[in-house]
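> what follows is a predicted protein model with its sequence.
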There are 2 protein chains.
Amino acid sequence: MSEQSVHVVRIGYRLGRDPRITTHLGLVSRAWGAKHFHVFGDEDNKLFSSIEQVNQRFGGVMECHHQKGLNRWLKNFQGSENNGVVVHLTMYGEHYKEVIPNIEHDRPLAIVVGGAKVPGEVFKISNFNVSIGTQPHSEVAALALFLEELNSNRNFQPTFENSKMVIEPSADGKIVHMKNEFEEE
Amino acid sequence: MSEQSVHVVRIGYRLGRDPRITTHLGLVSRAWGAKHFHVFGDEDNKLFSSIEQVNQRFGGVMECHHQKGLNRWLKNFQGSENNGVVVHLTMYGEHYKEVIPNIEHDRPLAIVVGGAKVPGEVFKISNFNVSIGTQPHSEVAALALFLEELNSNRNFQPTFENSKMVIEPSADGKIVHMKNEFEEE
């Protein structure tokens, strides 16, 4: 099965208020194999550089993008040129374990992650409104659980090319393998 | 099977820097059925009141505690009086899906969630150092995935008594049931 193209879409980003939550969203996107992280709202290059630093040390190619015009962007993603599916994570949606098997594997997927206030239009435009339980918790938790289940359903295991550091699981300490930059010459 | 007593332990909390991440940790703890949320570091009553407001609206009884003296607290938790197990979430640990089946069901469980710098002692005191993958991501994501897998392994589904609001899953909108306060008279 070929890899599904996954885009994570963070909406309503506010400079000065959300940087750590949004950095966590970006790192979760990367760690579970998304290749694009789109941020709507204020521009923040520092946010993107902290994610880029993780790419450089731990490998992989996730790209970060600032975007404007959410509704237009989502409709364009769904349009004939891209043929994408939009999933909106919300505590009001249908349960993710029921929805994921119904999402087509061979179309690009955009996962919309809201902030405090999500415009009503997002509920209407999205192909699926999806919840990770009906209790209030965290968009970071919601994204991670959705992606974990998606990858499990697709039998997909992310890989990270050109890493400088690789961590080896250990019961009682830190084992980090540093790759010599000249190793492959 | 009786319910395992789960405590989430947030260490190294810094006032002014971490409130949203720590609120998310508290809400994830509550949503996945932990009954105690312990914060080591700065005291912050506003943080606890925002979690308490969720208890009041959505039900349940998770208690928040400020704590001091981490090593002593952890050793006391493991001591003969409490007979507890300490699990430390870290990207350097063993994979959670391999560890969870080995954690005894009938002992209280403390899940330690680190901040930026975790004292080396925590690795030594903990009964299990556990990772949610070996890529850097988020302590919020790590906690949610650990608790989801723990509950699944224990066949445990959290419930929330005395809620004023209940959300009904929906494909295309928000359905919230408000309970009348006088309903049960």
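Sure thing, it's come through.
> near chain B, anything from whichever strand in chain A runs longest?
The single longest strand within chain A, with elements called by DSSP state E, is strand A:85-95. Yes: if you take CB under 8 Å from any CB of the partner chain as the test, strand A:85-95 does meet chain B, through A:91-95. For the C-beta atoms, the positions are set from N, CA and C on the backbone; glycine is no exception.
> for stretch A:22-39, C-alpha coordinates in PDB please.
Presented in PDB, the C-alpha positions along stretch A:22-39 are these (Å, rounded to 0.1, in the frame of the first residue of the first chain):
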ATOM      1  CA  THR A  22       1.600  24.700  18.300                       C
ATOM      2  CA  THR A  23       5.200  23.500  18.400                       C
ATOM      3  CA  HIS A  24       3.900  20.300  20.000                       C
ATOM      4  CA  LEU A  25       1.300  19.900  17.200                       C
ATOM      5  CA  GLY A  26       4.100  20.300  14.700                       C
ATOM      6  CA  LEU A  27       6.400  17.800  16.400                       C
ATOM      7  CA  VAL A  28       3.500  15.300  16.700                       C
ATOM      8  CA  SER A  29       2.700  15.700  13.000                       C
ATOM      9  CA  ARG A  30       6.400  15.000  12.100                       C
ATOM     10  CA  ALA A  31       6.800  12.100  14.500                       C
ATOM     11  CA  TRP A  32       3.700  10.300  13.100                       C
ATOM     12  CA  GLY A  33       4.800  10.800   9.600                       C
ATOM     13  CA  ALA A  34       2.900  13.900   8.200                       C
ATOM     14  CA  LYS A  35       4.900  15.600   5.500                       C
ATOM     15  CA  HIS A  36       3.200  19.100   5.700                       C
ATOM     16  CA  PHE A  37       2.300  21.300   8.600                       C
ATOM     17  CA  HIS A  38       0.200  24.300   7.700                       C
ATOM     18  CA  VAL A  39      -0.400  27.200  10.100                       C
END
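> so is it next to chain B?
Yes: applying CB under 8 Å from any CB, one finds stretch A:22-39 touching chain B at A:24-25, A:27-28, A:30-31.
> now look at stretch A:121-133 and say if it contacts chain B.
Yes: Stretch A:121-133 reaches chain B (CB under 8 Å from any CB) through A:123-124, A:128-129, A:131, A:133.
> give the buried residues for that stretch.
A:122-123, A:125-133 (16 or more other CB atoms under 10 Å in any protein chain shown).
> run the chain-centre distance for it.
16 Å (CA atoms, centre = their mean, to the nearest Å).
> what lies in contact with it?
Residues outside stretch A:121-133 that contact it (CB atoms under 8 Å, 6 or more residues apart in numbering or on different chains) are A:11, A:70-71, A:74-75, A:78, A:85-96, A:99, A:102-103, A:112, A:114, A:141-142, A:145-146, B:31, B:167, B:169-174.
> selection in ChimeraX covering whichever of these are buried, please.
Buried subset of these, written as a ChimeraX selection, criterion 16+ other CB under 10 Å:
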select /A:11,70,74,78,85,86,87,88,89,90,91,92,93,94,96,99,103,112,114,141,142,145,146 /B:31,167,169,170
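> many thanks, have a good one.
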